[in-house]
Every structure is written in structure tokens, then in C-alpha cells.
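K.L.:
starting from these lines, generate the structure:
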Amino acid sequence: MEFVLIFFVGVIATTLGTLAGGGGLISLPAMLALGVPVHSAIGANKVSNTVSSLQGFLLVYRQKGVTIKEGIKIIPVSLAGGVTGGLVAASLSPDRMYQLALVLLVLAFIFSFIGKSNFTGNQSFQLTKKGTPLLYGIGIYDGMFGPGQGTLMLYLFSYLNIAYYRAVGLMRIATFSSCFGAAISYISTGQILWPLTFALMIGSLTGSQMGVRIAGKLKPHQVKPLLRLVTAALIIHIIIDNVIM
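P.N.:
Numbering: from 1, shown residues only. The predicted structure follows:
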């Protein structure tokens with residue numbers, strides 16, 4: 001019964017994560033509530049995210065929503081950011097990481113109201129002076145802490161005047177890049193409960209397909225309200241977690 005619940009957690013979390021980020025809002029608390037040890041829960045998330053994010057990118061690519069060339073440009077930047085973030089995290093207290101997450105998400109929430117970008121652009125992804133440092137910075141954040149990484153990525157791609165469906169594909173390959181190293185670390189240290197991880201992974205692969213299909217049908221004007229809702233939920237979640245700690 002537990003594995004069935006974990007499967008559906010993976011479906012729901014990854015569907016949301018594909019559309020607007022924030023899937024960890026669902027998957028991690030749900031697994032902890034089921035009694036999964038915290039390191040095993042995080043490890044399961046990283047492994048399943050690595051696989052489902054790569055699948056999500058390939059699904060968008062098959063629909064000609066994004067190109068392999070764009071994905072190749074993103075991978076080293078996000079991977080380097082994730083590695084850097086993992087190193088920086090060792091020198092930061094949990095309180096500092098919560099504060100950083102809160103500041104970034106509040107700024108993103110405000111930006112969503114004052115920014116003129118609304119996913120109606122038709123630009124392809126390019127490594128630019130303004131985009132590359134932000135991409136690297138979000139990778140650092142994901143390596144350090146991570147809640148809302150996908151949401152912040154979507155705000156970035158909106159700012160870069162990239163259409164929503166392309167942004168979804170780019171966000172998924174960025175997530176794959178920053179999660180890959182972490183997944184290897186958890187596997188090598190023996191933190192993975194494989195039956196549980198496979199149940200979450202199968203659910204995540206299903207959710208990835210559902211999320212990409214829904215994303216292809218969303219209109220640009222429908223995306224920002226969804227992003228704002230997820231961002232507000234992330235802010236509330238982090239505040240509550242910080243109070244509890």
C-alpha cells in the first residue's frame with residue numbers, strides 16, 4: 001500500500017513540477033509523513049527527478065518545442081552551479097539557507113507582477129551576459145537548498161523572452177543537470193531505499209508525461225497565475241518550516 005501511495009505522490013508532484021516547479025512541496029513532506037528517513041526521502045527525490053526531468057526534456061524535444069543544442073548549452077552551466085552550491089552549503093547554516101530561499105522567492109513573486117514578460121516570446125535559449133549568470137546562480141541555489149528551483153527557472157526563461165513550452169523543456173534539462181550529481185552522491189553513500197525510489201520514479205515518469213501534455217495546451221496568459229500560486233505556496237511552506245525549526 002505504501003508503494004502505491006508513493007507512486008501517486010510521484011505522479012502529482014512531477015505533474016506540478018513540470019508545469020510550474022514546486023513539486024518538492026508535495027513529494028518530500030508526503031514521504032516524511034509516511035515515515036521515510038529524511039536522507040532516503042531526499043535521495044529518492046533526486047534520483048527520480050534526474051530520470052523524469054531528462055524524460056520531460058526529451059518529450060518536449062520530440063514535439064519540436066526545444067532543441068538538443070539548447071539543452072547542451074544549459075547542462076554545463078546548471079551542473080557547475082549545482083556542484084558549487086553543494087560546496088557552499090557546507091559553510092551555511094540551515095537558517096541562512098531558508099532566508100535565502102525566502103528572499104529569492106519573494107523577489108520572484110514581486111517580479112511576476114511588475115515584469116512585462118509573459119511567455120509570449122519566440123526566442124531560443126542563448127548563453128548571454130544577463131542570462132548565464134542567473135542560470136548559474138539558480139543552479140547554485142539548487143545545489144545548496146533547492147525548493148522552488150524549477151519555479152525560479154521559469155521566471156528566468158520568461159525574462160529571457162522564451163515561450164512557455166520551450167521554457168518547460170529548458171527547465172527540465174536544467175533540473176536534470178543540477179540533480180544528477182546529487183543523485184550520484186546519494187547512491188554512492190548507500191542512502192537510497194530502492195523499492196521506494198522505483199515506486200516514486202515510475203510515478204514521476206507518469207507525471208512528467210502528463211505535465212508536458214498539459215503544458216502544451218496552456219495559453220500564455222494562464223501561466224503566470226499558476227506560477228504565482230506555486231510561488232506563494234512555496235513562500236508559505238518555507239516560512240512554516242522555518243518557524244517549526
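K.L.:
buried stuff in the helix or strand of the chain with the lowest mean pLDDT?
P.N.:
Of all the helices and strands that make up the chain, helix 94-114 has the lowest average by mean pLDDT, DSSP states H and E, namely a mean of 79. Within helix 94-114, the residues that qualify as buried are Met97, Tyr98, Leu100, Ala101, Leu102, Leu104, Leu105, Ala108, Phe109, Ser112, counting by 16 or more other C-beta atoms under 10 Å. Every C-beta, even on glycine, is put in place using the N, C-alpha and C of the backbone.
K.L.:
and the next helix or strand past it?
P.N.:
helix 131-144 (DSSP states H and E).
K.L.:
any idea how far the least confident helix or strand of the chain is from the chain center?
P.N.:
Computed by C-alpha atoms, centre = their mean, to the nearest Å, the chain-centroid distance of helix 94-114 equals 15 Å.
K.L.:
just want the angle from that helix to helix 131-144.
P.N.:
With axes from the mean of the first three to the mean of the last three C-alpha atoms, to 10 degrees as the criterion, the two stretches helix 94-114 and helix 131-144 enclose an angle of 140 degrees.
K.L.:
and helix 94-114, what other elements does it pack with?
P.N.:
The elements that helix 94-114 packs onto, with contact taken as 3 or more C-beta pairs under 8 Å, 6 or more residues apart in numbering; DSSP states H and E, are helix 131-144, helix 149-159, helix 220-244.
K.L.:
again, only using 7 Å
P.N.:
Judged by 3 or more C-beta pairs under 7 Å, 6 or more residues apart in numbering; DSSP states H and E, helix 94-114 is in contact with helix 149-159, helix 220-244.
K.L.:
residues contacting it, please?
P.N.:
Helix 94-114 is touched from outside by 141, 144-145, 147-148, 151-152, 155, 224, 227-228, 231-232, 234-235, 238-239, 241-242, 245, with contacts defined as C-beta atoms under 7 Å, 6 or more residues apart in numbering.
K.L.:
check contacts around the residue sitting nearest the centre point of the chain.
P.N.:
Centrality entry for the chain: nearest residue to the mean C-alpha point is Gly150, 3.2 Å, by C-alpha atoms, centre = their mean. The contact partners of Gly150, taken as C-beta under 7 Å, 6+ apart, are Gly17, Gly21, Gly22, Met171, Thr175.
K.L.:
lowest-confidence one in those residues?
P.N.:
Lowest pLDDT within the contacts of Gly150 is found at Gly22 (84).
K.L.:
for that one, which non-adjacent residue is closest in space?
P.N.:
If the residues on either side of it in the chain are set aside, Gly22 comes closest to Val230, at 4.2 Å by C-beta to C-beta, 6 or more residues apart in numbering.
K.L.:
right, and the one you found touches Gly21 too?
P.N.:
Yes: Val230 sits in contact with Gly21 when judged by C-beta atoms under 7 Å, with a separation of 6.1 Å.
K.L.:
quick check: the gap between the nearest residue to Glu70 once chain neighbours are set aside and Gly150.
P.N.:
Excluding its sequence neighbours, the residue lying closest to Glu70 (C-beta to C-beta, 6+ apart) is Phe125, at 4.4 Å. When distance is defined by C-beta to C-beta, to the nearest Å, Phe125 is 16 Å away from Gly150.
K.L.:
ranking the helices and strands packed on helix 94-114 by burial, who's on top?
P.N.:
Relative to the other members of those, helix 149-159 carries the highest mean neighbour count by mean count of other C-beta atoms under 10 Å, namely a mean of 26.
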